[in-house]
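*Asks:* structure, please.
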Amino acid sequence: DMAEPIQQLTRNNNPQERQTIPFTLIQRKEKLGDLLYEKRQYGKAKWACIKMKEKQYEQSICLGFMKLMRYICEQNSSGLYLGITIPIVTIVHTNEAQSAMTQSVTVAYYLPEVLQDEPPHPFDSDIIIEEWPSTIVYSR
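*Replies:* Numbering: from 1, shown residues only. Next comes the predicted model:
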């Protein structure tokens with residue numbers, strides 16, 4: 001089921017073609033010279049998002065990512081490969097008391113700059129295009 005998206009990604013696996021999302025670095029945490037994480041602020045932008053709820057949150061992340069890859073690799077109203085932006089963001093949701101993680105996650109893909117004004121529509125109705133306000137992201 002993922003053969004075509006993987007082949008498309010492989011054909012387009014040129015690191016120079018990956019667009020890094022513009023951000024402002026807020027904090028960088030290192031330990032013994034190794035980067036542990038960065039706290040980044042991304043500006044207001046449109047993202048393709050999918051919310052998943054499988055038995056394990058790792059399954060939700062993988063399935064959500066596969067669905068987004070299909071959108072990126074031609075299963076969209078433009079019929080074109082959209083290009084990779086990095087990072088792909090995963091939002092892990094918590095319960096109302098914020099004391100535990102739930103099985104629900106959101107996996108999100110930043111739409112490249114050239115698509116921000118008119119993003120292609122996904123064929124998968126589970127994927128929605130959202131405009132996020134300025135957002136804080138922790139990246140590893």
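
*Asks:* now the helices: where do they sit in this structure?
*Replies:* 3-11, 57-72 (DSSP state H).

*Asks:* name the stretch from those helices where average model confidence is lowest.
*Replies:* Mean pLDDT values for the helices of the chain show the minimum at helix 3-11, a mean of 52.

*Asks:* run through this protein and note the low-pLDDT ranges.
*Replies:* Flagging of the chain using pLDDT under 70 yields the residue ranges 1-17.

*Asks:* run through the strands of it in chain order.
*Replies:* 19-20, 23-31, 34-42, 45-53, 85-86, 89-94, 101-110, 127-132, 135-139 (DSSP state E).

*Asks:* what angle separates the longest one from helix 57-72?
*Replies:* Computed with axes from the mean of the first three to the mean of the last three C-alpha atoms, to 10 degrees, the direction of strand 101-110 lies at 20 degrees from that of helix 57-72.

*Asks:* list the buried residues in strand 101-110.
*Replies:* Of the residues in strand 101-110, 104-110 count as buried by neighbour count, 16 or more other C-beta atoms under 10 Å. All C-beta spots, glycine's among them, are computed from the backbone N, C-alpha and C.

*Asks:* check those and tell me the two furthest apart.
*Replies:* Between any two of the buried residues of strand 101-110, the greatest separation by C-beta to C-beta is 20.7 Å, found for 104 and 110.

*Asks:* any idea which residue of this structure is furthest from its center?
*Replies:* No residue in the chain sits farther from the centre than residue 32, which is 29.1 Å out by C-alpha atoms, centre = their mean.

*Asks:* how near is residue 50 to residue 24?
*Replies:* 26 Å (C-beta to C-beta, to the nearest Å).
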